[in-house]
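Undergrad: compute the structure for the input listed below.
(2 chains)
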2 protein chains.
Amino acid sequence: MTDVMKAIVQTTEGDPEALEIQEVPKPQLQPGEVLVKVAASGVNRADLSQAQGNYPPPKGGSEIIGLECAGEIADTGDTDRSVGEKVGALLVGGGYAEYVAVPEGQLLPIPEGWSFAETAAVVETACTVWSNIVMEVGLKKGETILIHGGGGGIGLMATQIAKALGATVAVTAGSAGKLEVCQKYGADILINYKEQDFAEELKNKCDVILDIVGGPYLKKNMFALAEGGRMVTIGLQGGNKAEINMGVMMMKGIPLHGTTLRRRSLEVKAEIVRQTIENVWPMLEDGRVKHHIHEVLPLAQASTALKHLVDSTHTGKLVLEQ
Amino acid sequence: MTDVMKAIVQTTEGDPEALEIQEVPKPQLQPGEVLVKVAASGVNRADLSQAQGNYPPPKGGSEIIGLECAGEIADTGDTDRSVGEKVGALLVGGGYAEYVAVPEGQLLPIPEGWSFAETAAVVETACTVWSNIVMEVGLKKGETILIHGGGGGIGLMATQIAKALGATVAVTAGSAGKLEVCQKYGADILINYKEQDFAEELKNKCDVILDIVGGPYLKKNMFALAEGGRMVTIGLQGGNKAEINMGVMMMKGIPLHGTTLRRRSLEVKAEIVRQTIENVWPMLEDGRVKHHIHEVLPLAQASTALKHLVDSTHTGKLVLEQ
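TA: A predicted model of the protein is given here:
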């Protein structure tokens, strides 16, 4: 093997259109890591934020964009894995490349009958959704969950997992077309946020809210939460600042959580991956949870993929293939 | 028994000084309740808020002030308890009276060797502290907890329970004298908030914060929380409004909780009481957790007791005795 590989490199800082394939050094393996030859990489909204300069990689992480992939193990490092083993991988970065170094605890099997592209389309959303709606805020059977951005990759995954857990699912989205897709994947209550006030529709009814909007929705989300409800914010598409009335938080007893998967410790990520394999992978294999790929593009068209996210006209996931 | 009893009645709405003993109807028992003849009632800051008109009792609750008491069972209702049994009781209200109706799940035994006044001084703080620092935000051995208002009844109880659990305890208080008391009860890190900036002293160091200040401390509390830390707000002595940066909440992964014990369901209160008896009562009986009574006053002097809370010159608890 040579010491170089192809990867997506940003040639102008902060410009998501300035992404091109270049030759860069192959990643060096750290103890406990394997080298994966990437076949397909999932595209996430965080990738766009990183390309816009708003979501820098954590210290020591790869500068290359990309939070999930699927492919084959090319170098087992010091692990007991096998060369050629087909895997999915949850990444801190580095997915938009020919090779990526992955801590063994962040490898997932390919679900039976699934392709690389299909697997790369669900790793990050499955881990994000499970770690937040179950591990972080404990969604239970019979509860009602409100999922903002129901038509996105996270939204469709959250809807399906929540339905599989026996919850009632309410979603918000910005068009009738997106809401139709949400309904197809199981959403029970459909809210077009351009025409309806979700807080009025769901006043005191939500046991869990999965939030990707942040500041501008905080007051409305607290209004929509039932007593004892829990919210977890995983995106700030509307901004990070808000005024909060802590009295409402106390009187309703509604904890507010916020997380980013990427910044969790290696140990926590491994536990999230372990629980996701145990709980979500069976749902993928028996069809309770389906992938929803909007489009598969060649890796070289990474900037086109990110542009879809800016326009937000897609539903489900974009995948880059090699 | 006659149908009337003595109780503290507020003669001018919103005026904590307008409290006097009057004859009122005895409480009627609901299914599952016992009638307790009150010997001693603990005084809490929430009592002052209620007398000021800022903390109305929940629907169907007694209008009489008082969240905890100790005494003897005078009527067993439909329960299997015994008349004359000595008990402590967690109340939704009604403690500043000769008799109070108590759901059986909110009765606690008198700790071995403790008096009624001593028991009435710890019921509410023990249940509040256990339900929040353990049940709500999971304080663990080896973690650091910051307790605001370290010299108050909640503060001293929280300090002792946290020490018994093996945590490092930081406290804030407004005078050297109060901090000396905090230290005597086990606090490791003493911060005079009038002279020091607690957020600078404890930047990124707190695994748990028990907050009674609310709005004005929110930003500083979030600054003081470590990654993965948790905060629970149980009082709003500084006000309820704040600006929040949800990005900080996400990047540090710090859930913000708020609770009021009084508004919890009967079932949750019974579970809190059960866990408090199981975990805190042994600490009371073997001396790991001590009461700290500032003063015992006759019930007729309820307004004097509340005035101490306004002045905030006391440390520990005030108790009203009959």
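Undergrad: surely A:V137 meets A:I234?
TA: No. Taking contacts as C-beta atoms under 8 Å, A:V137 lies outside contact range of A:I234: 10.9 Å. Where you see a C-beta, it was placed from the backbone N, CA and C, and this is true even at glycine.
Undergrad: who has more neighbours, these two?
TA: Neighbours per residue (other C-beta atoms under 10 Å in any protein chain shown) separate A:V137 from A:I234, with A:I234 holding more: 25 against 22.
Undergrad: state the distance from that one to A:P282.
TA: Per C-beta to C-beta, to the nearest Å, A:I234 is found 24 Å from A:P282.
Undergrad: what does stretch A:5-20 contact?
TA: Under the contact criterion C-beta atoms under 8 Å, 6 or more residues apart in numbering or on different chains, stretch A:5-20 has outside partners A:21-26, A:48, A:51-53, A:64-66, A:94, A:96-99, A:299-300, A:302-303, A:306-307, A:310.
Undergrad: take those residues and keep only those in helices.
TA: Per DSSP state H, helices hold the following members of the contacts of stretch A:5-20: A:48, A:51, A:302-303, A:306-307, A:310.
Undergrad: show me what from the stretch 101-250 of chain A comes close to chain B.
TA: The stretch 101-250 of chain A comes close to chain B at residues A:136, A:214-215, A:218, A:227, A:233-234, A:236, A:240-250, as judged by C-beta under 8 Å from any C-beta of the partner chain.
Undergrad: buried subset of the residues you listed?
TA: Among these, those scoring as buried are A:136, A:214-215, A:218, A:233-234, A:236, A:240, A:242, A:244-247, A:249-250 (criterion: 16 or more other C-beta atoms under 10 Å in any protein chain shown).
Undergrad: need the max-distance pair from those.
TA: Using C-beta to C-beta, those reach their maximum pairwise distance at A:I234 and A:G247, which is 25.4 Å.
Undergrad: tell me the domain boundaries of chain A?
TA: Using automatic domain parsing, the domain parsing of chain A gives A:4-122+A:291-321, A:126-258.
Undergrad: just these: most buried one?
TA: domain A:126-258 (a mean of 21; mean count of other C-beta atoms under 10 Å in any protein chain shown).
Undergrad: can you give me the helices in chain A?
TA: Under DSSP H, chain A gives helices at A:45-51, A:116-120, A:123-129, A:153-164, A:176-184, A:198-201, A:218-224, A:246-252, A:266-279, A:281-285, A:302-311.
Undergrad: can you redo those as CSV with mean pLDDT?
TA: Formatted as CSV, these follow (pLDDT from 0 to 100):
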stretch, mean pLDDT
helix A:45-51, 93
helix A:116-120, 98
helix A:123-129, 97
helix A:153-164, 96
helix A:176-184, 96
helix A:198-201, 98
helix A:218-224, 98
helix A:246-252, 96
helix A:266-279, 97
helix A:281-285, 97
helix A:302-311, 93
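Undergrad: can I get those helices in TSV including distance to A:A70?
TA: Formatted as TSV, those follow (distance: least, C-beta to C-beta, whole Å):
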stretch	distance to A:A70
helix A:45-51	16
helix A:116-120	4
helix A:123-129	7
helix A:153-164	15
helix A:176-184	23
helix A:198-201	35
helix A:218-224	34
helix A:246-252	41
helix A:266-279	14
helix A:281-285	13
helix A:302-311	16
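Undergrad: for A:D78, find the nearest of those helices.
TA: Closest among the helices of chain A, once you apply C-beta to C-beta, is helix A:266-279, at 15.0 Å.
Undergrad: wait, A:L236 sits on A:P216?
TA: No. Between A:L236 and A:P216 there is no contact under C-beta under 8 Å: 9.6 Å.
Undergrad: these two touch, right, A:D3 and A:V24?
TA: No. Taking contacts as C-beta under 8 Å, A:D3 lies outside contact range of A:V24: 10.1 Å.
Undergrad: what's A:G60 sitting at in phi/psi?
TA: Here is the backbone geometry of A:G60 (degrees, to the nearest 10): phi 80, psi -10.
Undergrad: same check on the one 3 residues further on?
TA: For A:E63, the backbone dihedrals are phi -80, psi -10 (criterion: degrees, to the nearest 10).
Undergrad: and it, what is it in contact with?
TA: By C-beta under 8 Å, 6+ apart, the contact list for A:E63 reads A:57, A:93.
Undergrad: same thing with A:G186?
TA: Contacts for A:G186 (C-beta under 8 Å, 6+ apart) come out as A:159-160, A:163, A:169.
Undergrad: what's the nearest residue to the spatially most central residue of chain A if we skip its chain neighbours?
TA: Centroid-nearest residue in chain A: A:T125, 3.3 Å away (criterion: C-alpha atoms, centre = their mean). Nearest non-adjacent residue to A:T125, counting by C-beta to C-beta, 6 or more residues apart in numbering or on different chains: A:M157, 3.9 Å away.
Undergrad: any idea how far chain B is from the one you found?
TA: 19 Å (C-beta to the nearest C-beta, to the nearest Å).
Undergrad: wait, isn't that residue in contact with A:A121?
TA: No. At 9.5 Å, A:M157 and A:A121 do not qualify as touching, with contact defined as C-beta under 8 Å.
Undergrad: any idea of the angle the longest strand seen in chain A forms with helix A:153-164?
TA: In chain A, with assignment by DSSP state E, the single longest strand is strand A:33-43. Relative orientation of strand A:33-43 versus helix A:153-164 (axes from the mean of the first three to the mean of the last three C-alpha atoms, to 10 degrees): 100 degrees.
Undergrad: can I get strand A:33-43 in CSV? Just the C-alpha atoms.
TA: Once non-C-alpha atoms are left out, strand A:33-43 reads as follows in CSV (Å, rounded to 0.1, in the frame of the first residue of the first chain):
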residue,chain,number,x,y,z
GLU,A,33,-7.9,1.4,15.7
VAL,A,34,-8.4,-0.4,12.4
LEU,A,35,-8.0,1.1,8.9
VAL,A,36,-11.2,1.0,6.8
LYS,A,37,-11.2,1.3,3.0
VAL,A,38,-14.2,3.5,2.5
ALA,A,39,-16.9,2.4,0.0
ALA,A,40,-19.6,4.8,0.9
SER,A,41,-19.9,7.9,3.2
GLY,A,42,-23.1,9.3,4.7
VAL,A,43,-23.6,13.1,4.5
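Undergrad: helices or strands up against it?
TA: Judged by 3 or more C-beta pairs under 8 Å, 6 or more residues apart in numbering or on different chains; DSSP states H and E, strand A:33-43 is in contact with strand A:68-75, strand A:99-103, helix A:116-120, helix A:123-129, helix A:302-311, strand A:317-321.
Undergrad: over that strand, what's the mean pLDDT, rounded is fine.
TA: Regarding strand A:33-43, the rounded mean pLDDT is 98.
Undergrad: what separates it from the chain centre, distance-wise?
TA: Mean-position distance between strand A:33-43 and its chain equals 16 Å (C-alpha atoms, centre = their mean, to the nearest Å).
Undergrad: same check, this time on stretch A:73-91
TA: Computed by C-alpha atoms, centre = their mean, the chain-centroid distance of stretch A:73-91 equals 22 Å.
Undergrad: quick one: terminal-to-terminal distance for it?
TA: End-to-end distance for stretch A:73-91, by C-alpha to C-alpha, to the nearest Å: 14 Å.
Undergrad: with stretch A:227-247 instead?
TA: Distance across stretch A:227-247, first residue to last, is 13 Å (C-alpha to C-alpha).
Undergrad: do stretch A:123-141 as well
TA: 24 Å.
Undergrad: from what I see, A:E85 and A:E72 are in contact.
TA: Yes. With contact defined as C-beta under 8 Å, A:E85 counts as touching A:E72 (6.7 Å).
Undergrad: need the pLDDT of the residue nearest to A:E295 when sequence neighbours are not counted.
TA: Once flanking residues are discounted, A:E295 sits nearest to A:L318: 5.6 Å by C-beta to C-beta, 6+ apart. Predicted confidence (pLDDT) at A:L318: the value is 94.
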